[in-house]
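Peer 1: Just to be clear, the model below is a prediction. Sequence and coordinates:
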Amino acid sequence: MHKFIVLLTVICFVPFSHAIVLKFNATLDGASASPPNLSDAVGTADVWIDQVANTMRVMSSFSGLWGITEAAHIHAATAVAGSGTAGVATQVPNLPAFPLGVPSGSYDQTFDLTAISSYNPGFLTASGGTAAGAQAALTTALSEGKTYLNIHTSFASDGEIRGFLKPESVPDTSSTALLLSLGLLGLFSLISQSRKRKIEVR
């Protein structure tokens, strides 16, 4: 029992990580491209912004493109959420290591948002010339739904499929840890009461 009390004390008082992770996702298709096209290709995109680690993870999958991939970028920020076009926010001429010359594929890359090399020079300049300014501008655009991922192909050089990234809530790890602590405290209370009753019965 004493070991259990010590364990509870450690769990309840060790400071938990307050990592703030923002998640965004999109469905990519030809109808959402600008200009729209008849391609029946499909794709998805997921973006995670870790505001403590200052990183951005980009995951995407796509299949059935009518052309082969020539480039892919994240664009920001459009004037209106969910529509319009904007300049490239991420590296040019292409997202690093994005599969080129293929009609189907997948992508998973993490970017250091504190590095100026993670941004298109034009976007960096428009955001005050610093990585911090570019990170803030990109995060704001993502949160407002004014950012999209675009896949350019030999069939449609302006983009065969694209999708606007929309915010998705992610549980805060610190809140989860707090709930776990409270649950363990409740369990400890029940165990203590049970032991007390057994002693009284005796």
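Peer 2: Noted; the coordinates are in hand.
Peer 1: Strands of the chain, start to end?
Peer 2: Remark: strands assigned in the chain by DSSP state E are 21-29, 42-50, 55-63, 69-76, 105-112, 147-153, 161-164, 166-168.
Peer 1: between these, which gets nearest to Ala126?
Peer 2: Ranking the strands of the chain by proximity to Ala126 (Cβ to Cβ) places strand 69-76 first, at 10.0 Å. Backbone N, C-alpha and C define where each C-beta goes, glycine included.
Peer 1: so the closest one versus strand 147-153, what angle?
Peer 2: Angle of strand 69-76 versus strand 147-153, following axes from the mean of the first three to the mean of the last three Cα atoms, to 10 degrees, is 160 degrees.
Peer 1: for strand 69-76, the distance to its chain's centre please.
Peer 2: Counting by Cα atoms, centre = their mean, to the nearest Å, strand 69-76 is centred 17 Å from the centre of its parent chain.
Peer 1: Next, the buried residues of it.
Peer 2: For strand 69-76, burial by neighbour count (16 or more other Cβ atoms under 10 Å) applies to Thr69, Glu70, Ala71, Ala72, His73, Ile74, His75, Ala76.
Peer 1: Check stretch 98-117 too.
Peer 2: Neighbour counts using 16+ other Cβ under 10 Å place Phe98, Pro103, Gly105, Tyr107, Phe111, Leu113 of stretch 98-117 among the buried residues.
Peer 1: again with stretch 58-66
Peer 2: By 16+ other Cβ under 10 Å, the buried positions in stretch 58-66 come out as Val58, Ser60, Phe62, Leu65, Trp66.
Peer 1: between the residues you listed, which is nearest Asn37?
Peer 2: Distances from Asn37 to the buried residues of stretch 58-66, taken as Cβ to Cβ, are shortest for Trp66 (8.2 Å).
Peer 1: And the closest one, how far from Ala33?
Peer 2: Trp66 sits 11 Å away from Ala33, going by Cβ to Cβ, to the nearest Å.
Peer 1: Identify the contacts common to the two.
Peer 2: Ser39, Ala156, Glu160 (Cβ atoms under 8 Å, 6 or more residues apart in numbering).
Peer 1: Can you tell me the number of residues neighbouring the closest residue to the last one other than its chain neighbours?
Peer 2: Nearest non-adjacent residue to Glu160, counting by Cβ to Cβ, 6 or more residues apart in numbering: Thr153, 4.3 Å away. When counting by other Cβ atoms under 10 Å, one arrives at 26 neighbours for Thr153.
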